[in-house]
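Student: Whatever this is, show me its structure:
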Amino acid sequence: MNITRENVDALNAVVKVDIAKEDYSDKVEQILTDYRKTANIPGFRKGHVPMGMVKKQYGKAVLVDEVNKLLQDALNKYLTEEKLDVLGQPLPKPQDDIDWNAEGFSFEFELGLAPEFNVELKSKKAITQYNIVADDKMIDEQIERIQKQYGKLVSQDIVENDSEITGTYKNEEQEIDNTVTLTLDKFKGKATAKKFVEAKAGDVISLKTKGLYSDDHELMHALKIEHDTAHDLDIEVTFTITEINKRELADLDQELFEKLFADKSVTSVTELKAKIKEDAEKQFVQQADQKFLNDVTEYLVENTKFDLPAEFLQKWMQTAGEKPLELDQAKEEYEKSEKSLRYQLIEGKLIEGNNIQVTMDDIKNHAREMIKGQMAQFGQMNPSDKELDDIAARVLSNQDEARRISEQLISQKLITLYKEKANVKVKELSYEKFVKEVYGDK
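Tutor: This next block holds a predicted model:
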């Protein structure tokens, strides 16, 4: 067997694999001999079928299968030994009908080669790393939500601005008949809320569905209608009030603290506020890091210049998916995925250049911490090591889950690298201001 390579240019090459008869003949002969021992052909006892008949019936199929195995093994070994960084998979060059009676065979494959490039993390313009803090307003609002959640309902005669109102939405034509409990702040317009104020149990209020809620999904749940029906729905519904209550806030006392924290880690309002702040800011880190990663990714893709073997990749995409694509479809798919491919190459270069690794122990420890956090939410504060190990083993037996955790850990290590080596400016702000700055005033 002989393998040669011709570099078409820096990004494309053609590999030629020559297979001689001695490379496959012994293996083919052995397989056919084994077939002869087990073949069931009418008129012959098992093991006594003439070899000529076995070759006539099975010879070509065995030869083709064995040559293809040799070809794939040889090509994979060659790419590994030559340390060729290929994109996609080798594409076989079309051949006219192969003469399978020949003494040897030649096959050619097109290769798309990964480009050579350098990654510069230090941008001229600093990339913002947000440090989101839980301000007093947010903490106070969260405490009030907790007090409402654990407070008690007090019956009222008339609706006030902060009442909880139970009633039934109806529209006979659309077969709407759904009982809900609502608060006036959920409505989009102040005029709608005013219709309820000072109303009593038994009162019927007529409402237009268009613009009733800010979000069509709220309307969908309120009326218990299909998602598509809720969009642009413009009908009149009635709301019959059946019950009016006011939620009396729970006292901030030890009884409430122990309901929230069974381990008695919080014993005062000051400690409660500190805990809320700590938990909120842990959640904010993930959101801020994702924004930071997105911004660094965008910078790297836009500023790391290199060419790709676009024509080869488009040809490869024609056959790489579940369904074959026409060339125009493959070109469109390539344009959609080009940025992602560029970042994968940049990321790979950074991972290799900075020796970023994720071990099985890293994955197991992450799974254990994730499970521990989930168990804590259900009041299991001190699971044993054996419990954590057993559950982690079950989770990681799912290869997709193990891969997801591995990718998550790689991302975390890359974020740490970017924070250390990129040109970064830290900006501290409240969550409300972060949302306005990053996503617009919503």
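
Student: make it CA atoms for all contacts and neighbour counts henceforth
Tutor: OK.

Student: Just confirm Leu87 is within a strand.
Tutor: Yes. Counting by DSSP: H, G, I helix; E, B strand; the rest coil, Leu87 is part of a strand.

Student: nearest spatial neighbour of it, skipping sequence neighbours?
Tutor: Gly112 (5.3 Å; Cα to Cα, 6 or more residues apart in numbering).

Student: Using PDB, write down the CA coordinates of the helix or strand hosting that neighbour.
Tutor: Here Gly112, judged by DSSP states H and E, is contained in strand 104-113. Output of strand 104-113 as PDB, limited to C-alpha atoms (Å, rounded to 0.1, in the frame of the first residue of the first chain):
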ATOM      1  CA  GLY A 104      -4.800  -3.300  -7.500                       C
ATOM      2  CA  PHE A 105      -6.800  -0.100  -6.900                       C
ATOM      3  CA  SER A 106      -6.200   3.700  -6.600                       C
ATOM      4  CA  PHE A 107      -8.400   6.100  -4.700                       C
ATOM      5  CA  GLU A 108      -8.200   9.800  -4.300                       C
ATOM      6  CA  PHE A 109      -9.600  12.000  -1.500                       C
ATOM      7  CA  GLU A 110      -9.900  15.800  -1.200                       C
ATOM      8  CA  LEU A 111      -8.900  17.300   2.100                       C
ATOM      9  CA  GLY A 112      -9.800  20.600   3.600                       C
ATOM     10  CA  LEU A 113      -7.000  21.800   5.800                       C
END
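
Student: ok, residues contacting that strand?
Tutor: The contact list for strand 104-113 (Cα atoms under 8 Å, 6 or more residues apart in numbering) reads 10-21, 84-93, 309, 312-313.

Student: and it, which residues are buried?
Tutor: Gly104, Phe105, Glu108, Phe109, Glu110, Leu111, Gly112, Leu113 (16 or more other Cα atoms under 10 Å).

Student: What of stretch 90-100?
Tutor: Neighbour-count burial for stretch 90-100, counted by 16+ other Cα under 10 Å, picks out Pro90, Leu91.

Student: Between its first and last residues, how far does that stretch reach?
Tutor: 23 Å (Cα to Cα, to the nearest Å).

Student: With stretch 219-236 instead?
Tutor: OK, stretch 219-236 end separation, Cα to Cα: 13 Å.

Student: tell me the average confidence for it?
Tutor: The average pLDDT for stretch 219-236 rounds to 91.

Student: What of stretch 367-387?
Tutor: 82.

Student: ok, now which ones touch Asn245?
Tutor: Leu153, Val154, Ser155, Gln156, Ser163, Glu164, Ile165.

Student: Considering these, which possesses the most neighbours?
Tutor: Most neighbours among these, by other Cα atoms under 10 Å: Ile165, with 25 neighbours.

Student: ok, back up a step: Throw the contacts of Asn245 into JSON lines and include distance to Ala320, pLDDT and secondary structure, thanks.
Tutor: Putting the contacts of Asn245 into JSON lines (distance: Cα to Cα, whole Å; pLDDT from 0 to 100; DSSP: H, G, I helix; E, B strand; the rest coil) gives the following:
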{"residue": "Leu153", "distance to Ala320": "61", "pLDDT": "90", "secondary structure": "strand"}
{"residue": "Val154", "distance to Ala320": "64", "pLDDT": "94", "secondary structure": "strand"}
{"residue": "Ser155", "distance to Ala320": "65", "pLDDT": "95", "secondary structure": "strand"}
{"residue": "Gln156", "distance to Ala320": "66", "pLDDT": "95", "secondary structure": "coil"}
{"residue": "Ser163", "distance to Ala320": "59", "pLDDT": "94", "secondary structure": "coil"}
{"residue": "Glu164", "distance to Ala320": "57", "pLDDT": "94", "secondary structure": "strand"}
{"residue": "Ile165", "distance to Ala320": "57", "pLDDT": "96", "secondary structure": "strand"}
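
Student: Closest to Glu352 out of these?
Tutor: Glu164 (58.2 Å; Cα to Cα).

Student: hang on, that closest one packs against Lys246?
Tutor: Yes. Counting by Cα atoms under 8 Å, Glu164 touches Lys246, with 5.8 Å between them.

Student: Give me the below-cutoff pLDDT ranges for the protein.
Tutor: Flagging of the chain using pLDDT under 70 yields the residue ranges 377, 379, 381, 441-442.

Student: now the lengthiest strand in it: how far from the chain's centre is it?
Tutor: When the chain is parsed with DSSP state E, its longest strand is strand 236-248. Relative to its chain's centre, strand 236-248 lies at 41 Å (Cα atoms, centre = their mean, to the nearest Å).
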